[in-house]
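Participant: structure for this input, please:
(one chain, ligands or ions: 2)
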Amino acid sequence: MHPMLTIAVKAARRAGTVITRASQDLGALKVRSKTFNDFVSEVDHAAERTIIETLQDAYPDHGFIGEESGNQNVEAENVWIIDPLDGTTNFLHGFPQYCVSIALQQQGQLTQAVVYDPNRNDLFTATRGRGAFLNDKRIRVSNRTKLQDSLITTGFPFRDFSHLDAYLAMFKDMLKKTSGLRRPGSAALDLAYVAAGWADGYWEIGLSSWDLAAGALLVHEAGGLVGDFEGNEGYLESGNIVAGNPRIFGQLLQTLAPHLTDALKSSAKS
Ligand code: 2AM
Ligand code: CA
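Facilitator: Ligands and ions are numbered 1, 2, ... in the order given. Sure, this is the predicted structure:
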């Protein structure tokens, strides 16, 4: 395993321990609403501190973009993009679908990724150019070729409802054209499942870079494609993302195309 990935795995497992311990007594948690419908608990903060401490110990001059602590030294050549608890709403309810997500961006390129699901003890990892793995076994995207046979995951708009009508039109079309839709609630795991071939594709509107960075590299290294709603780069900035095996990716883009408003196109300013 690449040495930087080894450190990231250590950080993710430590955060997983913090999260699992807290999940055993959810009633005792202090929870705060960051903005409408965006919750954060002391666990998110504690897990992020653990991750940053572990990475910073090994790499004192690296930068960090963390969901809870914001940006530190992001001009650095190496910047870690961290979501300490992706799927906080699920976590707070005891719904067992959440994870730790850590990615490394080197000179703007994603090079290392870890997504760790403490409930299933699933460790998804990838290093650019070296493939994607689940618990040390190589994973690949599915080989389904038809959208109508595909299982597709998505996320519902939860805070900003400005794209709700466009989203519901996409959803309606997808319901008719696929074999099923799922809304598990953790974007990082949704992408990891595409990488593992457990889902054939995924799309969501308006996420943040920390929800997507690690999962996007997993999909890429598992032989899948990732893009914004027109198939271009820039999904980390816009937060609008489509991912899938190469055949399904194109069919997802075609299905979304009629519903794209100007704000959802690649040319839109984020
Ligand atoms: P988070 O739990 O780290 O915030 C799923 O739609 C994605 O949106 C998740 O990755 C989740 O990341 C994010 N999200 C933020 N607030 C949410 C909410 N209230 N409900 C569902 N997802 C939310
Ligand atoms: Ca998240």
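Participant: show me what from the stretch 151-270 of the chain comes close to ligand 1.
Facilitator: 155, 158, 185-187, 204, 207, 211 (C-beta under 6 Å from any ligand atom). For glycine as for every other residue, the C-beta is placed from the backbone atoms N, C-alpha and C.
Participant: recalculate using a threshold of 5 Å.
Facilitator: Applying C-beta under 5 Å from any ligand atom, one finds that the stretch 151-270 of the chain approaches ligand 1 through 155, 158, 187, 211.
Participant: contacting residues for the third one?
Facilitator: Yep, that's Ala187 we're talking about. Shown in contact with Ala187 (C-beta atoms under 8 Å, 6 or more residues apart in numbering): 86, 155, 204, 207, 211-212, 215, 241.
Participant: quick check: buried residues in stretch 119-127?
Facilitator: 119, 122-127 (16 or more other C-beta atoms under 10 Å).
Participant: from these, which land in strands?
Facilitator: Judged by DSSP state E, the buried residues of stretch 119-127 include 122-127 as members of strands.
Participant: which of these lies closest to ligand 1?
Facilitator: Among these, Phe124 lies closest to ligand 1 (C-beta to the nearest ligand atom), at 14.8 Å.
Participant: quick revisit: so which of the residues of the stretch 151-270 of the chain next to ligand 1 sits lowest on pLDDT?
Facilitator: Ranked by pLDDT, those bottom out at Phe158, which has 90.
Participant: before we move on, the earlier item: need the buried residues of stretch 119-127 in CSV (columns: distance to Arg13 and pLDDT).
Facilitator: Output for these, formatted as CSV (distance: C-beta to C-beta, whole Å; pLDDT from 0 to 100):
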residue, distance to Arg13, pLDDT
Asn119, 14, 98
Asp122, 12, 98
Leu123, 8, 98
Phe124, 13, 99
Thr125, 11, 98
Ala126, 16, 98
Thr127, 17, 98
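Participant: for those residues, which one is nearest Gly197?
Facilitator: Phe124 (12.1 Å; C-beta to C-beta).
Participant: who's that closest one bridged to?
Facilitator: Under the criterion DSSP bridges, Phe124 forms beta bridges with Val115, Leu134.
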